[in-house]
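Novice: the following comprises the amino acid sequence and a computationally predicted model.
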Amino acid sequence: MKKIIKAILVLALIAFVVMQFIRPEKNNGGYESVMIFEKETKPSIETASILKETCYDCHSDQTRYPWYAEIAPVSYWLDEHIQNGKKHFNVSEWDNYSPKRKNHKLEELIEMIENKEMPLDSYTWIHDDLTEEERAQLVQWATLSKLQYRGRSHISFK
């Protein structure tokens, strides 16, 4: 029995070491990947800072990776979160969204912030959660930003 347990532990250690060499691709498009979004939605300096600190890591092509992101299996878990976040809302793709979709995405953002569904609990385990003031600031900014998309044609040539 001890030999089986030892063999399993050795295999697990080998798998862990091999995993360190197989890394997910980094999500580093740089700041320019969010410039169109910020130019169009015009967040204040404070709101832009909140977006950068709590949203862009998972909802843009601009991720700032913590040190522990270099260790598998955490690297795989973070990559899955980033890919899933970008699938739902990617500010780096903002220019490709129709006005109707932009309005809808901002409406979803408001709903998720108000219902405290964002940021995810798994994010706030390590990072700070949004304060009530930050939540209110984001909701106010998104509410004002989405006004520009109401009533605009939902036809897009992109």
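Specialist: Thanks, I have it. Numbers count the residues shown, from 1 in each chain.

Novice: alpha carbons only for contacts and neighbour counts from here, please
Specialist: OK.

Novice: stretch 60-70: end-to-end distance?
Specialist: Chord length of stretch 60-70, first to last residue, is 20 Å (Cα to Cα, to the nearest Å).

Novice: renumber starting at 37 from here on
Specialist: Okay, using 37 as the starting number, the last item reads as stretch 96-106.

Novice: what residues of it count as buried?
Specialist: Within stretch 96-106, the residues that qualify as buried by neighbour count (16 or more other Cα atoms under 10 Å) are 96-100, 105.

Novice: go on, stretch 105-115?
Specialist: Buried residues in stretch 105-115 (16+ other Cα under 10 Å): 105, 108, 111-112, 114-115.

Novice: can you tell me how far Glu170 is from Ala105?
Specialist: Using Cα to Cα, Glu170 is found at 26 Å from Ala105.

Novice: give me the below-cutoff pLDDT ranges for the protein.
Specialist: Applying pLDDT under 70 to the chain flags the ranges 66-67, 188-194.

Novice: and the longest helix along it, how far out from the chain's middle?
Specialist: For the chain, the helix with the greatest residue count under DSSP state H is helix 38-55. Here the centre of mass of C-alpha atoms in helix 38-55, compared against the chain's by Cα atoms, centre = their mean, to the nearest Å, lies 34 Å away.

Novice: let me know the next secondary structure element after it.
Specialist: Towards the C-terminus, the helix or strand next in line after helix 38-55, according to DSSP states H and E, is helix 68-77.

Novice: right, and the helix or strand after that next one?
Specialist: Next along the chain after helix 68-77, taking DSSP H and E as the criterion, comes helix 81-90.

Novice: can you redo the buried residues of stretch 96-106 as CSV with secondary structure and distance to Leu145?
Specialist: Compiled in CSV, those are given as follows (DSSP: H, G, I helix; E, B strand; the rest coil; distance: Cα to Cα, whole Å):
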residue, secondary structure, distance to Leu145
Ser96, coil, 14
Asp97, coil, 18
Gln98, strand, 18
Thr99, coil, 19
Arg100, coil, 21
Ala105, helix, 26
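
Novice: touching the longest helix of the chain from outside, list them.
Specialist: Here helix 38-55 makes contact (Cα atoms under 8 Å, 6 or more residues apart in numbering) with 108-109.

Novice: check the buried residues of stretch 96-106 and tell me the two furthest apart.
Specialist: Using Cα to Cα, those reach their maximum pairwise distance at Ser96 and Ala105, which is 17.1 Å.

Novice: picking that back up, which of the buried residues of stretch 105-115 fall within strands?
Specialist: Secondary structure assignment (DSSP state E) places none of these within strands.
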